[in-house]
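>>> Got a predicted structure plus its sequence, pasted below:
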Amino acid sequence: MTKMFPEIPMTAEIKAFLLSIGTADVEDENMVMPTLKSTAGPSAGSAGSVFIASGGKRVRLNLDKKSPIKIRKTAEADEIAVYYSEKLIVTGMIEPALAHCPEQAYINLSEKCIFDCKYCSVPILQGRTKTKEETLEIIQNAFDKGNVKAISITSGVENTPEGELERVLNLMPELKKYNVPVGISIYAAPGGARKLKEAGASEVKYNIEVADSEIFKKVCPGLSQANVFIELEDAVHFFGRGKVFSNVIVGLGETDENVEQVIEKLAEIGVIACIRPIYENALRKGECDMERPSEARLLKLYEMQKRISKKYDLHPEKAETMCSLCSGCDMVPGKDD
């Protein structure tokens, strides 16, 4: 049967363009309902998000009625069409989020943070901390809804990094029954990698956050990038090369050279960088430079990361948990080629 609508699969270029905008408006909210609002990281407090799958790729866009990206239904069952300024740019499917993202139970334990990164709304919103029982219920609900490939846990810092580590360790024994990889993304605490590995974690993420060390000092007061690097090296010792990750946010005033240097510095010790475009957070407007990177810049950084990954024999596409498994917010070498 001939399709009545042209099929346009997502390419790396189309994904980079969508990520450069970062938002979308949907024709009918029932297309993506129920949608959970983000409670972690710079995009915390947003109106929710939509995941688009097309051409073997996935992209996550924050919902925004004012977005120039419009998502509409087509005559084909379950298919959607994505427009920019009334021009059709890609077709695909909307993927349901099991818990925060498709294919994973991805949970933010604490919506509070004692640190005050100037691009992040979490310190302003100061949400609540989930109980162990609530967390386990969300995970079970995700497994009840669909095929869960991994459990991923992140958290703010309610009181201390050590306290968040203990919160995660207390949860780990309950997760073994699901028999899927478990990824942990929390603020690095001394000695945490060994404890997480012994508890059964498969992968871990400690975030460098900013590629430029001087910008880091300004936008992440109270945090130590040097200490994070120490804990990343320790994590590679316990988890192995390619099993440790670190978010590097782009759009805070850093140069491409800054980004290249930090990707290579991480790769040298066996850590995979997750290049994350900044969300221009309205709650932190004026507190730091925030500019969503362009399509051209995202593609340039993507090619840079592919080259460095190959040089150090790292394979982001083999990630079993967290952001590199999802790939909705980032360009992931090996997945988005």
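Done, it's in.
>>> Tell me the first helix or strand C-terminal of the lengthiest strand in the chain.
Of all segments of type strand in the chain, defined using DSSP state E, the longest is strand 87-95. The C-terminal neighbour of strand 87-95 among helices and strands, as given by DSSP states H and E, is strand 100-101.
>>> which helices and strands sit right next to that following strand?
Contact analysis of strand 100-101 by 3 or more CB pairs under 8 Å, 6 or more residues apart in numbering; DSSP states H and E lists strand 104-108 as its packing neighbours. For the C-beta atoms, the positions are set from N, CA and C on the backbone; glycine is no exception.
>>> Now tell me what touches the strand it packs on from outside.
The set of residues that contact strand 104-108 without belonging to it, under CB atoms under 8 Å, 6 or more residues apart in numbering, is 39-40, 98-100, 130, 135, 138-139, 142-143, 148-156, 321-322, 325-326.
>>> In strands, which of the residues you listed fall?
Filtering the contacts of strand 104-108 for strands - DSSP E - leaves 100, 150, 151, 152, 153, 154.
>>> The residue nearest to the second one when sequence neighbours are not counted and residue 171, how far apart?
If you skip the residues right next to it in sequence, residue 150 has residue 321 as its closest partner in space, 4.2 Å away by CB to CB, 6 or more residues apart in numbering. When CB to CB, to the nearest Å is applied, the distance between residue 321 and residue 171 equals 15 Å.
>>> now swap in residue 120 and tell me
Distance, residue 120 to residue 171, by CB to CB: 23 Å.
>>> The two: which has the busier surroundings?
When residue 120 and residue 171 are compared on other CB atoms under 10 Å, the one with more neighbours turns out to be residue 120, at 26 against 21.
>>> for the more buried one, helix, strand, or coil?
The three-state label for residue 120, taken from DSSP: H, G, I helix; E, B strand; the rest coil, comes out as coil.
>>> doesn't residue 126 make contact with it?
No: Residue 120 sits out of contact with residue 126 when judged by CB atoms under 8 Å, with a separation of 11.6 Å.
>>> just the buried members of the contacts of strand 104-108?
With neighbours counted using 16 or more other CB atoms under 10 Å, those contain these buried positions: 39-40, 98-100, 130, 135, 138-139, 142, 148-156, 321-322, 325-326.
>>> tell me the secondary structure for the closest residue to residue 260 other than its chain neighbours?
If you skip the residues right next to it in sequence, residue 260 has residue 304 as its closest partner in space, 5.5 Å away by CB to CB, 6+ apart. Using three-state DSSP as the criterion, the local structure at residue 304 reads helix.
>>> still on that earlier bit, then the longest strand of the chain to PDB, C-alphas only?
Taking Å, rounded to 0.1, in the frame of the first residue of the first chain, the C-alpha atoms of strand 87-95 are listed here in PDB:
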ATOM      1  CA  LYS A  87       8.500  23.400   5.900                       C
ATOM      2  CA  LEU A  88       8.500  19.600   6.500                       C
ATOM      3  CA  ILE A  89      11.900  18.600   7.800                       C
ATOM      4  CA  VAL A  90      11.500  15.100   9.300                       C
ATOM      5  CA  THR A  91       8.900  12.300   9.900                       C
ATOM      6  CA  GLY A  92       8.900   9.700  12.600                       C
ATOM      7  CA  MET A  93       7.200   8.500  15.700                       C
ATOM      8  CA  ILE A  94       6.700   9.800  19.200                       C
ATOM      9  CA  GLU A  95       8.200   7.500  21.700                       C
END
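>>> So which bits of that strand are buried?
89, 90, 91, 92, 94, 95.
>>> Return every residue with contacts to both of residue 120 and residue 126.
Any residue near both residue 120 and residue 126 by CB under 8 Å, 6+ apart counts here, and that gives residue 113.
>>> Distance of the closest residue in space to residue 135 that isn't next to it in sequence relative to residue 180?
Using CB to CB, 6+ apart and skipping residues adjacent in sequence, the residue nearest residue 135 is residue 107, 5.6 Å away. Residue 107 sits 13 Å away from residue 180, taking CB to CB as the criterion.
>>> So which of these two has more stuff around it?
Ranked by neighbour count (other CB under 10 Å), residue 107 and residue 180 place residue 107 first, with 22 against 17.
>>> can you give me the helices in the protein?
If DSSP state H is used as the criterion, the helices of the chain fall at 12-21, 122-125, 132-145, 161-175, 192-199, 213-219, 225-239, 256-268, 295-311, 322-326.
>>> Would you enumerate the residues in contact with the nearest residue to residue 60 once chain neighbours are set aside?
Using CB to CB, 6+ apart and skipping the chain neighbours, the partner closest in space to residue 60 is residue 328 (3.2 Å). With contact set as CB under 8 Å, 6+ apart, residue 328 has these partners: 51, 58, 59, 60, 101, 102.
>>> what's the closest of those residues to residue 337?
residue 58 (13.9 Å; CB to CB).
>>> Any stretches of the protein with poor pLDDT?
1-5, 32-47 (pLDDT under 70).
>>> can you rerun that using 80?
Low-confidence segments of the chain, defined by pLDDT under 80: 1-5, 29-47, 75-77.
>>> picking that back up, now render the ones in strands among the contacts of strand 104-108 as TSV, adding distance to residue 205.
What follows is the ones in strands among the contacts of strand 104-108, written out as TSV (distance: CB to CB, whole Å):
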residue	distance to residue 205
100	15
150	13
151	14
152	9
153	10
154	8
